[in-house]
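Enquirer: Predicted model follows, preceded by the sequence.
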Amino acid sequence: MSKQSTGRCCLALFAALCLPLLTLVLPGVAHAQFSLDVSVNVAPPELPVYTQPPIPGDGYLWTPGYWAYSPDINDYYWVPGTWVLAPQPGYLWTPGYWGYQEGAYAWFPGYWGTRIGFYGGVNYGYGYGGSGYQGGYWRDNHLYYNTAVNNVRNTNITNVYQKTVINNVTVNRVSYNGGRGGIEARPTPVEEAASRAPRLQPTAAQRQHLQLAQSDPSLRESANHGHPPIAATARPGEFKGAGVVPARGAAPAARNAVEPRAARPSPAPRAAPEPQPAPRLNEPSPREVPPPHREVPAPREVPAPREAPAPREVPAPRENPAPREAPEPRAPAPSRPNPPHAEPHPSEHPGHDR
């Protein structure tokens, strides 16, 4: 191990042991003294772009994701943004940030306080536009959420409002303050006063969330190249399930699925169709043969042929009646003799003498 790395490890160990004591003894300790956490010679990567997962319930506050650094792996790694229960009512989260000073990039950890302090002018999004917090406020021990910047539409939370946020800072993805290409922002008097006010350290859930991120190789910058597969989670420490959101441009981790689906067998390659003769004119084209990988339905059962009905008995032809005998010809009636011509009475003749 080089002398420089040994010096950094000793410095980090000193900070871990002494900073809690300094916080108790000197509550108003300058915010710059919290930079003793870690120092790196290489600037942190740009902030990834991701979608905020839906809030899990009332009382949760959004804590944005950030790039952390581990001397053990000698690499930056992404700590996913997540919804965290506030340690007590009235407290808000001031995110940490990277600041350039004395030729290196130092990390200023985040903290809980009644007012938002300085976080380097870094635009973390979702209410953290570089100065202050526009995502909500406390009133009567209830946190009111701004639906214009928070994903609270799929819950039963009624303490909401909507206010358009207008940022007066340059919107970019730079994750550090000062130095070459860094954000040129300085703390305001209000932010300086917030840094000197009493504060609370990250909760146990946040510390566990950080440790899980450090132990996940896929979150290292050398592995994801600035596009972590787990960019945000619905709850601290939950790195799989429906609430996990990948960064844009990154493939989601395979373990994020709730239940892995069984891989479908790849379809068999289709056989080359045999050449068909050219269809004749006025002849319908043959139907396409179904591809071999499709299941051919079983042929329908051909119903048994119906029995032919028995031939009807043809009635015997009626016998033609015997021809009637022609009636015998009648004998001609005897001709009546002409009556004899009556002689005229002699008295009728003229000149007949009586």
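Expert: All right, it came through fine.
Enquirer: doesn't G120 make contact with E191?
Expert: No. Using Cβ atoms under 8 Å as the test, E191 is too far from G120 to be in contact (10.4 Å). Quick note: C-beta positions are derived from backbone N, CA and C, even for glycine.
Enquirer: Which phi and psi values does R196 adopt?
Expert: In terms of degrees, to the nearest 10, the main-chain angles of R196 are phi -90, psi -10.
Enquirer: so what pLDDT did it get?
Expert: For R196, the model assigns a pLDDT of 92.
Enquirer: Could you report the separation of it from Q214?
Expert: 30 Å (Cβ to Cβ, to the nearest Å).
Enquirer: So the two - more neighbours on which side?
Expert: Legend: neighbour count by other Cβ atoms under 10 Å for R196 and Q214, higher for Q214 (17 against 14).
Enquirer: That one: what's it in contact with?
Expert: A68, S70, I73, Y77 (Cβ atoms under 8 Å, 6 or more residues apart in numbering).
Enquirer: likewise S218?
Expert: S218 touches N224, P228, P229, I230, A253, counting by Cβ under 8 Å, 6+ apart.
Enquirer: Kindly reformat those residues as CSV and extend each row with secondary structure and neighbour count.
Expert: Output for these, formatted as CSV (DSSP: H, G, I helix; E, B strand; the rest coil; neighbours: other Cβ atoms under 10 Å):
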residue, secondary structure, neighbour count
N224, helix, 24
P228, coil, 28
P229, coil, 23
I230, coil, 28
A253, coil, 18
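Enquirer: These into a markdown table, with extra columns for pLDDT and distance to Y176?
Expert: Below are those laid out as a markdown table (pLDDT from 0 to 100; distance: Cβ to Cβ, whole Å):
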| residue | pLDDT | distance to Y176 |
| --- | --- | --- |
| N224 | 97 | 19 |
| P228 | 97 | 18 |
| P229 | 97 | 23 |
| I230 | 98 | 22 |
| A253 | 63 | 27 |
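Enquirer: just the residues you listed now: which is nearest W83?
Expert: Using Cβ to Cβ, I230 comes nearest to W83 of these, at 14.5 Å.
Enquirer: Output the below-cut-off pLDDT ranges for the stretch 51-200 of the chain.
Expert: For the stretch 51-200 of the chain, applying pLDDT under 70 flags the ranges 167-171.
Enquirer: coming back round to it: check the contacts of S218 against T63 and report the nearest one.
Expert: I230 (14.8 Å).
Enquirer: OK, contacts around the closest one?
Expert: I230 touches W78, P80, D216, S218, L219, F239, V244, V245, P246, A253, N256, counting by Cβ under 8 Å, 6+ apart.
Enquirer: Quick check, the fifth one in contact with A213.
Expert: Yes. At 5.4 Å, L219 counts as touching A213 under the criterion of Cβ under 8 Å.
Enquirer: and for the two, which residues touch both?
Expert: Taking Cβ under 8 Å, 6+ apart as the criterion, L219 and A213 both touch Y77, W78, V79, P80.
Enquirer: who wins for most neighbours among those residues?
Expert: P80 (30 neighbours).
Enquirer: how about the helices in the protein?
Expert: When secondary structure is read from DSSP state H, the chain shows helices at 3-25, 189-196, 204-214, 221-224.
Enquirer: Now do the buried residues in the shortest one.
Expert: What that stands for is helix 221-224. Of the residues in helix 221-224, E221, N224 count as buried by neighbour count, 16 or more other Cβ atoms under 10 Å.
Enquirer: quick one, what contacts the residue lying closest to K163 once chain neighbours are set aside?
Expert: The shortest distance from K163 to any non-neighbouring residue, by Cβ to Cβ, 6 or more residues apart in numbering, is to N146 (5.4 Å). Applying Cβ under 8 Å, 6+ apart, we find N146 in contact with G127, Q134, G135, G136, V160, Y161, Q162, K163, V165.
Enquirer: Now list the buried members of those.
Expert: Burial by neighbour count, 16+ other Cβ under 10 Å: within the contacts of N146 this picks out G127, Q134, G135, G136.
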